[in-house]
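J.: Quick one: sequence and predicted model below, then my questions.
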Amino acid sequence: MKFFVDTAEIDAIAELNELGFVDGVTTNPSLILKSGRDIMEVTKEICDLVSGPVSAEVVAMDAEAMIAEGRKLAEIAENIAIKLPLTWDGLKACKVLTDDGHMVNVTLCFSANQALLAAKAGATFISPFIGRLDDIHLDGLDLIQDIRTIYDNYGFETNILAASIRSVNHVQDCALVGADVMTAPPDVIRKLVSHPLTDKGLDQFMADWAKTGQKIL
Ligand code: E4P
């Protein structure tokens with residue numbers, strides 16, 4: 001499973017990238033707001049840092065304007081994935097922009113039928129938002145599994161990009177059901193390393209080592 005980082009914070013992306021944990025980046029208007037940066041500038045900086053797909057989202061509501069915005073965003077760098085909302089107009093724009101040869105990430109997906117339409121419109125990525133489904137007491141993971149089944153049934157090549165990841169369990173569950181990619185905030189990716197038994201075991205080893213009075217260096 002590929003790891004995308006869901007942020008527009010350059011420092012966090014750079015730190016994770018040095019460890020080889022960044023296969024791509026996703027941003028959205030809320031994340032751009034949080035960064036306090038200009039969308040074109042910060043997206044260019046991210047694209048200079050990361051060689052994988054970097055999603056940048058359009059904000060127009062009609063297909064024609066989405067296509068124009070998408071083409072402008074795509075000029076930032078070759079690794080831009082144009083992010084479009086899962087609306088009728090978004091799907092129209094998806095068809096045109098993918099036919100042009102651009103990568104497209106269709107976002108705000110909350111049903112398997114929406115994912116089916118996005119795949120038929122040629123999307124490179126479909127972004128089902130699992131955390132937001134969990135927030136309203138539905139099962140976000142069921143949606144990932146349903147989309148996996150449908151895409152495999154018919155050989156769709158659209159990548160399932162599990163989004164709205166809120167916990168380390170989400171990451172593990174997405175890997176188990178076969179999401180192609182997951183995008184998570186930097187903190188969730190950092191938390192993947194934690195286990196209380198690792199901490200406990202290390203404390204014991206350090207205490208015993210101190211008692212030996214030895215040094216390695
Ligand atoms: C995905 O591309 C979105 O940017 C993101 O995962 C949304 O997550 P949220 O529901 O935690 O805002």
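T.: Ah, there it is. Residues are numbered from 1 along each chain as shown.
J.: what does stretch 147-167 contact?
T.: For stretch 147-167, contacts defined as Cβ atoms under 8 Å, 6 or more residues apart in numbering pick out 4, 6, 26, 105, 107, 112, 115-116, 118-120, 122-134, 140, 144, 170-171, 174, 177-185, 188. Where you see a C-beta, it was placed from the backbone N, CA and C, and this is true even at glycine.
J.: So which of these belong to strands?
T.: Among these, the members falling in strands (DSSP state E) are 4, 6, 26, 105, 107, 125-128, 181-184.
J.: what about the most centrally placed residue in the chain, distance to the ligand?
T.: Geometric centre of the chain, nearest residue: Thr183, 2.6 Å, by Cα atoms, centre = their mean. Per Cβ to the nearest ligand atom, to the nearest Å, Thr183 is found 5 Å from the ligand.
J.: any idea of the pLDDT on the residue nearest to that residue when sequence neighbours are not counted?
T.: Closest residue to Thr183 apart from its sequence neighbours, by Cβ to Cβ, 6 or more residues apart in numbering: Phe4 at 3.8 Å. At Phe4, the model reports a pLDDT of 98.
J.: re earlier: can I get the ones in strands among the contacts of stretch 147-167 in JSON lines with distance to Leu49?
T.: Converted to JSON lines, the ones in strands among the contacts of stretch 147-167 look like this (distance: Cβ to Cβ, whole Å):
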{"residue": "Phe4", "distance to Leu49": "13"}
{"residue": "Asp6", "distance to Leu49": "15"}
{"residue": "Thr26", "distance to Leu49": "14"}
{"residue": "Asn105", "distance to Leu49": "18"}
{"residue": "Thr107", "distance to Leu49": "22"}
{"residue": "Phe125", "distance to Leu49": "20"}
{"residue": "Ile126", "distance to Leu49": "25"}
{"residue": "Ser127", "distance to Leu49": "21"}
{"residue": "Pro128", "distance to Leu49": "27"}
{"residue": "Val181", "distance to Leu49": "18"}
{"residue": "Met182", "distance to Leu49": "20"}
{"residue": "Thr183", "distance to Leu49": "16"}
{"residue": "Ala184", "distance to Leu49": "18"}
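J.: among the residues you listed, which two are most distant?
T.: Largest separation among the ones in strands among the contacts of stretch 147-167 by Cβ to Cβ: Ile126 and Ala184, giving 16.7 Å.
J.: residues near Phe110, how many?
T.: 18 (other Cβ atoms under 10 Å).
J.: do the one 5 residues further on as well
T.: Counted with other Cβ under 10 Å, the neighbours of Ala115 add up to 27.
J.: for Ala163, same thing?
T.: Look at Ala163: counted by other Cβ under 10 Å, it has 30 neighbours.
J.: Skipping its backbone neighbours, what lies nearest it in space?
T.: Nearest to Ala163 is Ser127, by Cβ to Cβ, 6+ apart, at 4.2 Å.
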